[in-house]
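Enquirer: I'll drop the sequence and a predicted model, then ask my questions.
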Amino acid sequence: MEGIPPDEVLVARLRSGEESAFALLLDSWSGGMLRLARSFVSTEESAAEVVQETWLAVIEGIDRFEGRSSLKTWIYRILTNQAKRRGVREHKVVPVSSIQTGSSAEGSLDDTGPTVDPARFRPAGDPYPGHWWEFPASWPTPEQGLLGGEARILLSQALVELPERQRAVIVLRDVEGYSSDEVCDLLEISQGNQRVLLHRARAFLRGKLEEYYKEAKP
Amino acid sequence: MTDLDCQEFVEQVTAFLEGGLDPAEEQRFVDHLALCDGCDRYLDQVRQTVHALRELPKEALSPENRQALLNIFRARH
C-alpha cells in the first residue's frame, strides 16, 4: 500500500516506539479492518471494539512478531481470530433472507447453485434454451447518478446481508482493493474458493442494485 | 465446443474478469458477448457494481479510539 515502508523498517520503528509509524498503520489499515470485523460480529460498535482489541494486541505483541508472514497478514490474523471469537459469543446469525427460500429476488446467498434466477432464462426445449427471456433492464448512466447516496446506503446494507465468507472476500477485494493473492493469504482460502465467494457476492449485490433501479424507475 | 448460452455466461463473469478462463473458454465467452446485448449489459452491470463498491466511503477509527491507541502506544515506550 502506498507510503508504507517495508516490514523490516516498519517493525523496527514500531519496536523503537516511533509514534508516527504506529499512526500511519492505524490510518492506513483500520478502515479495512473495521469492515472485515463487521463480517463476523453483530454491530458496528462490536466491530470497532474488535479493531481496538486487535491494535492493543499488536502493541503488546510486536516484539514477538517473527516475520513468518507479512506484518499486515499477522495483524489481520489477530483481527479475524478476535472477531470470530466474539461472533461466536454474540451468536451472530446471518439473516435468513427470502432469497434462500427461492423468492423472485436476484442472487443467491449460499455458496452453490445459480447466481441468477433460472426463471429468467428460457428452459430446455425452447428454441433458445438458456437465453434471457428478457434482457436485464438498463441502469442509469453514472452522469444520472448511478451512485447516489441512496444506492450507497443500499450497497452498505446489502453487504451486511452476505454470509460472512462472501462478505469478507468482497470487502477485501472490491471495497478495499486488495489483490486476490492477498485475500487468499489473509483469509487462508484457495484461489478457487476465493473466486467462487467473490462471484456469488458480486452477483448478489448486482441483483440488489437491479431491484433498486427497477423500483426507482417511474 | 458448443456455444455458450446466457445462463452459462453469467456464471463465468467473475472468472473472466479475474483472467481465470483458459484461452478456449475465454474465446467462447467473448464470442457470446459480441452477439448478446443482454449479456453485454449484465457484464457491464457487474463491473458497475464493483466500481460502486470501490466508491463506498472509507471507514476510519473514531478520533477517540485513535487517540486512545496512540496514548497506549506512547505509554509502552
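Expert: Arrived safely. For clarity, every value in this text was computed on a predicted model and none was experimentally measured. Numbers count the residues shown, from 1 in each chain, chains lettered A, B, ... in the order given.
Enquirer: Every contact and neighbour count from this point should use C-alpha atoms.
Expert: Fine.
Enquirer: any idea how far the closest residue to residue A:35 other than its chain neighbours is from residue B:33?
Expert: Leaving aside its sequence neighbours, residue A:35 sits nearest to residue A:171 (C-alpha to C-alpha, 6 or more residues apart in numbering or on different chains; 6.8 Å). Residue A:171 is 28 Å from residue B:33, where distance means C-alpha to C-alpha, to the nearest Å.
Enquirer: So which of the two has more stuff around it?
Expert: A count of neighbours by other C-alpha atoms under 10 Å in any protein chain shown puts residue A:171 above the other of residue A:171 and residue B:33, at 25 against 19.
Enquirer: what's the pLDDT at that one?
Expert: Residue A:171 carries a pLDDT value of 92.
Enquirer: what's near enough to touch it?
Expert: A:32, A:35, A:36 (C-alpha atoms under 8 Å, 6 or more residues apart in numbering or on different chains).
Enquirer: any idea how far the second one lies from residue A:206?
Expert: Counting by C-alpha to C-alpha, the separation of residue A:35 from residue A:206 is 20 Å.
Enquirer: same check, this time on residue A:17
Expert: With C-alpha to C-alpha as the criterion, residue A:17 and residue A:206 are 46 Å apart.
Enquirer: do residue A:78 as well
Expert: Taken as C-alpha to C-alpha, the span from residue A:78 to residue A:206 is 32 Å.
Enquirer: Looking at these two, which is more packed in?
Expert: Higher neighbour count among residue A:78 and residue A:206: residue A:206, with 24 against 18, using other C-alpha under 10 Å.
Enquirer: Please state the offset of the helix or strand containing the more buried one from the chain centre?
Expert: In the assignment (DSSP states H and E), residue A:206 maps to helix A:191-216. Here helix A:191-216 shows a centroid-to-chain-centroid distance of 12 Å under the convention C-alpha atoms, centre = their mean, to the nearest Å.
Enquirer: Next, the buried residues of stretch B:34-47.
Expert: For stretch B:34-47, burial by neighbour count (16 or more other C-alpha atoms under 10 Å in any protein chain shown) applies to B:36, B:38, B:39, B:40, B:41, B:42, B:43, B:45, B:46, B:47.
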